[in-house]
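In: Dropping the sequence and predicted coords here.
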Amino acid sequence: MITVEFCKVMSRYNAWQNEGLEQAMLALNQTELRKDRKAFFGSIWSTANHLLWGDKMWLSRLSGGPPPGGTPGGLDLHSELQPFLDDRRRTDGHITRWAGRLTHVDLVGPLTWYSGLSGRNVTQSKAMCIMHFFNHQTHHRGQIHAMLTAAGHKTMISDLAFMPEAF
């Protein structure tokens with residue numbers, strides 16, 4: 001279904017795209033970041049917090065680390081930009097190191113976790129969970145990209161084929 005190389009490429013893509021979003025977020029003031037833009041999570045800020053929270057939650061499930069704090073969904077994970085950016089960079093580094101240590105065996109078998117969203121234990125294949133992990137990142141970064149573009153801010157290219165040293 002997926003390969004170790006896929007995970008390594010997607011972890012680099014995640015970090016590359018988050019670097020671009022960091023630059024865009026630094027160019028915005030707090031009012032612009034938190035403005036309700038009628039997206040699923042409302043604002044760029046809430047969506048970015050959810051994305052980071054989700055990455056930390058999936059990492060805790062996949063690598064055994066601690067789950068993130070904050071409320072379910074993580075919209076309030078951080079209240080200030082610099083701590084958010086520092087945590088984002090640390091988490092991206094963790095994702096890259098995790099992907100770099102994966103072996104084929106790490107991609108097979110079931111993964112079971114308690115889902116706060118559904119209120120029960122869930123079991124899925126590890127491969128499916130890892131694909132969801134990377135898809136979730138891309139989905140929510142796409143929402144942020146669209147909000148930034150609609151607000152008149154220049155954003156970086158998001159095409160995987162144009163990632164430096166892509167393959």
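Out: Okay, I see it. Numbering: from 1, shown residues only.
In: Residue 112: what secondary structure?
Out: Put simply, residue 112 is strand when judged by DSSP: H, G, I helix; E, B strand; the rest coil.
In: Against which helices or strands is the top helix by length along the chain packed?
Out: In the chain, with assignment by DSSP state H, the single longest helix is helix 126-150. Contacts defined by 3 or more C-beta pairs under 8 Å, 6 or more residues apart in numbering; DSSP states H and E place helix 126-150 against helix 4-26, helix 44-63, strand 110-115. No exception for glycine: its C-beta is placed from N, CA and C like everyone else's.
In: relative orientation of that helix and strand 110-115 in degrees?
Out: The directions of helix 126-150 and strand 110-115 differ by 50 degrees, with axes from the mean of the first three to the mean of the last three C-alpha atoms, to 10 degrees as the criterion.
In: Pick the most buried one from the helices and strands packed on helix 126-150.
Out: Mean neighbour count (mean count of other C-beta atoms under 10 Å) peaks for helix 44-63 among the helices and strands packed on helix 126-150, with a mean of 22.
In: The helices and strands packed on helix 126-150: which one's closest to residue 100?
Out: helix 4-26 (6.4 Å; C-beta to C-beta).
In: Which elements pack onto that closest one?
Out: On a contact count with 3+ C-beta pairs under 8 Å, 6+ apart, helix 4-26 meets helix 44-63, helix 81-101, helix 126-150.
In: Just tell me which of those helices ends up closest to residue 24.
Out: helix 126-150 (5.3 Å).
In: Touching that closest one from outside, list them.
Out: 1-2, 7, 10, 14, 17-18, 21, 24, 37, 39-41, 43-44, 47-48, 50-51, 54-55, 58, 61-62, 106-111, 155, 158 (C-beta atoms under 8 Å, 6 or more residues apart in numbering).
In: quick revisit: could the helices and strands packed on helix 126-150 go into CSV alongside mean pLDDT?
Out: Formatted as CSV, the helices and strands packed on helix 126-150 follow (pLDDT from 0 to 100):
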stretch, mean pLDDT
helix 4-26, 96
helix 44-63, 97
strand 110-115, 94
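In: These into TSV, with extra columns for distance to residue 128?
Out: Shown next, in TSV, are the helices and strands packed on helix 126-150 (distance: least, C-beta to C-beta, whole Å):
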stretch	distance to residue 128
helix 4-26	13
helix 44-63	12
strand 110-115	8
